[in-house]
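*Asks:* Need coordinates for the following:
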Amino acid sequence: MQRLPGPRYWVIMTLLAVNMSLPGLAAQRTMPLLGGWAARLDISSRPTVLRLRVTETPNHEYTATAFLNPEPIGLRPLVNIKVNRDGSSWSLATGEAPNLFRLDVRQNGEGFVTTYTVGKAAGRAQLRRLSDDAAMNSQYTGAYVLSSGEHIYIRRVLAGLLAGTVLSYLEERTGRSGILYLVTSNSFVAGPSFAVPDPVGLTVTFRGDPTASLVWKPIGHKGLIGEKSTSYKRQDVQIPVQDGSLGCEALIPVSTGRHPGVVLVPGSGGVDRFADFYVMADVFAQHGIASLACDKRGTGVSTGDWRYQSFEQQAKDVVAGIRYLQDRIEVDPSGVGVWAFSQGTYAGPIAASTGQASFLILVAVEAISLREAVVISNVEKLRRQGVPNEEITRYKDYMGRWQQAIMEKDFKAAERAYQQYEGATWLPGNRPAEQAWTTDWMWDRARLTWPYEPAPVLRTIKMPVLAFWGSEDQETLPSVHRPAFEQALRDVGNSDYTLRVIAGVGHSLWLDAPLVGSIGYTPEYIPGMLEWLRTRITDKVKN
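*Replies:* Just a heads-up that it's a prediction; the model follows:
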């Protein structure tokens with residue numbers, strides 16, 4: 001994800017209608033502005049992305065919620081929403097000058113245009129509709145092969161707050177990716193980066209019922225026809241696991257013979273099969289590799305709760321996925337491996353170490369304990385901010401005591417550590433709260449995951465390994481994790497590994513473009529991974 005702008009960075013403003021039961025509106029089934037929208041607001045040196053969602057209550061009153069990223073203003077009071085009778089004109093505002101946030105929305109030929117005021121900034125922007133109709137989006141999902149030979153993947157992804165699950169695209173060769181904004185029921189546009197909707201740089205038109213092709217037209221270029229791939233089938237499956245079941249999506253090649261397979265393991269957080277990185281499941285399947293992408297415990301249709309699951313327990317779910325693929329007639333049981341991202345690279349090798357997996361592909365590989373990695377990552381961020389060494393030493397002492405207090409559930413010890421360093425610029429602004437200390441699931445999860453040391457498991461990995469890091473990753477520092485990972489493989493005598501640190505990208509291997517942010521994966525990633533799979537795995541299974 002990125003990858004997508006993280007929810008922690010979005011600013012929430014809730015604009016709530018009061019007494020908006022207008023004559024005649026109750027009989028109208030829908031209003032044109034209902035649903036989700038995005039716009040580019042030019043209020044700083046970097047574009048600000050507006051997300052807006054308008055809904056109607058059972059009493060025919062209207063509510064609207066907006067997020068801005070990056071953050072130009074904070075939480076605002078609730079105010080009235082004004083709308084004309086046919087819904088072609090809206091006014092949404094909160095706050096007063098000099099902190100006014102206001103949208104005056106009017107219908108135009110492309111949908112809706114808004115004039116906006118954000119503090120002292122003002123301007124005009126086109127609202128782009130977010131395509132969040134699951135049934136409609138599903139019919140377009142899949143791989144398309146352009147007349148140029150390029151592979152395009154259309155997939156539903158969870159695109160952050162207010163967006164829901166929307167349609168997105170990925171170009172395999174370039175790695176470029178973005179949200180597709182709805183124009184008509186079968187035509188879409190995309191902007192210059194994943195989240196920024198304007199200026200439009202691409203139009204996509206789907207053709208056929210059911211969908212059989214698309215017209216792919218970057219602005220300024222001739223449109224290319226892309227035929228929808230029939231190389232693999234998509235199936236929803238439930239896989240029994242300890243204390244429940246996993247809801248998964250299996251993508252299975254339809255050509256004759258047996259195929260290699262791969263189970264995808266997500267990173268941190270409560271993600272389901274619509275996480276943006278799960279587009280790799282389609283990439284694998286299009287290239288003849290059966291893939292399995294599952295909802296984490298407690299998300300989608302999976303049972304349980306990922307928050308209270310250790311890495312060892314998560315690995316058992318991965319093993320269940322491996323066995324599911326191995327049991328399918330279309331899959332060569334000796335050729336099933338694991339792809340894992342970020343914190344998933346703790347669980348992936350554990351599953352592989354059981355002897356079930358035949359290869360490992362790891363992105364943003366964690367090779368030291370999460371407890372240690374958190375401190376090292378934060379220290380690097382402080383160094384980049386120019387914090388003096390003596391302050392960094394003080395920070396390390398504080399974090400050591402703080403983490404130990406968490407592990408021992410010792411609130412008093414945490415409070416003493418906070419008091420000792422109160423006033424330090426790096427100290428969190430909120431004092432520890434005793435009630436949260438005992439009820440917040442995050443501390444329970446820390447106690448489950450912090451103690452895990454990956455080195456002993458990594459020293460058992462003897463299968464082929466491909467690992468990636470981004471040179472600019474500040475969460476999983478390649479200068480720390482790569483040597484630790486390589487040493488573990490050397491200790492076990494594994495020489496069949498390829499370790500790549502890709503320049504200029506961060507945690508998710510996404511590239512940033514000036515002014516507009518994340519534009520997609522580095523071009524070195526997907527083609528390099530597919531070539532590695534071809535030489536190490538795919539050709540061997542065919543033979």
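*Asks:* show me where the stretch 51-200 of the chain has helices.
*Replies:* Using DSSP state H, counting those that start in this stretch, the helices of the stretch 51-200 of the chain run over 134-140.
*Asks:* cool, the stretch 251-400 of the chain as well?
*Replies:* Taking DSSP H, counting those that start in this stretch as the test, the helices found in the stretch 251-400 of the chain are 280-286, 311-326, 344-352, 370-384, 389-408.
*Asks:* which one of those helices is the most hemmed in?
*Replies:* Among these, helix 344-352 has the highest mean neighbour count (mean count of other Cβ atoms under 10 Å), at a mean of 28. C-beta coordinates here come from the backbone N, C-alpha and C atoms, glycine included.
*Asks:* Residue 66 and residue 52 touch, don't they?
*Replies:* Yes. Residue 66 is in contact with residue 52 according to Cβ atoms under 8 Å; the separation is 4.8 Å.
*Asks:* Which one's more surrounded, the two?
*Replies:* Counting neighbours by other Cβ atoms under 10 Å for residue 66 and for residue 52 shows that residue 52 has the greater number, 26 against 23.
*Asks:* and the more buried one, what does it touch?
*Replies:* In this structure, residue 52 makes contact with 36-39, 64-66, 92, 103, 127, 162, judged by Cβ atoms under 8 Å, 6 or more residues apart in numbering.
*Asks:* rerun that using 7 Å as the cut-off
*Replies:* For residue 52, the contacting residues are 37, 64, 66, taking Cβ atoms under 7 Å, 6 or more residues apart in numbering as the criterion.
*Asks:* Kindly report the same for residue 424.
*Replies:* With contact set as Cβ under 7 Å, 6+ apart, residue 424 has these partners: residue 394.
*Asks:* one more time with 10 Å, if that's ok
*Replies:* For residue 424, the contacting residues are 387, 391, 394-395, 398, 418, taking Cβ atoms under 10 Å, 6 or more residues apart in numbering as the criterion.
*Asks:* Now tabulate those in CSV and tack on distance to residue 229 and pLDDT.
*Replies:* Rendered in CSV, the data for those read as follows (distance: Cβ to Cβ, whole Å; pLDDT from 0 to 100):
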residue, distance to residue 229, pLDDT
387, 51, 94
391, 55, 95
394, 57, 96
395, 51, 96
398, 54, 95
418, 56, 91
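*Asks:* Specify which member of the residues you listed is nearest to residue 217.
*Replies:* Of all those, the one sitting nearest residue 217 is residue 387; the distance, using Cβ to Cβ, is 49.1 Å.
*Asks:* Surely the closest one and residue 396 touch.
*Replies:* No. In this structure, residue 387 sits apart from residue 396 without contact. The criterion is Cβ atoms under 10 Å, and the distance is 11.6 Å.
*Asks:* Tell me the residues that contact both of those two, please.
*Replies:* The overlap between the contact sets of residue 387 and residue 396 (Cβ under 10 Å, 6+ apart) consists of residue 379.
*Asks:* And residue 222, how close does it get to residue 424?
*Replies:* Using Cβ to Cβ, to the nearest Å, one gets 59 Å for the distance from residue 222 to residue 424.
*Asks:* Kindly apply the preceding question to residue 42 instead.
*Replies:* According to Cβ to Cβ, residue 42 stands 37 Å off from residue 424.
*Asks:* can you tell me which residues contact residue 178?
*Replies:* For residue 178, the contact set (Cβ under 10 Å, 6+ apart) comprises 168-171, 189-197, 201-202, 518-520.
*Asks:* Give me the number of neighbouring residues for residue 257.
*Replies:* Residue 257 is flanked by 10 other residues according to other Cβ under 10 Å.
*Asks:* tell me the pLDDT at it?
*Replies:* The per-residue pLDDT reported for residue 257 equals 93.
*Asks:* Looks like it contacts residue 332 (just checking).
*Replies:* Yes. Assessed by Cβ under 10 Å, residue 257 is found in contact with residue 332 at 8.6 Å.
*Asks:* and residue 480, that's in a helix?
*Replies:* Yes. According to DSSP: H, G, I helix; E, B strand; the rest coil, the state of residue 480 is that of a helix.
*Asks:* Touching, it and residue 367? I think so.
*Replies:* Yes. The pair formed by residue 480 and residue 367 meets the contact definition of Cβ under 10 Å, at 7.8 Å.
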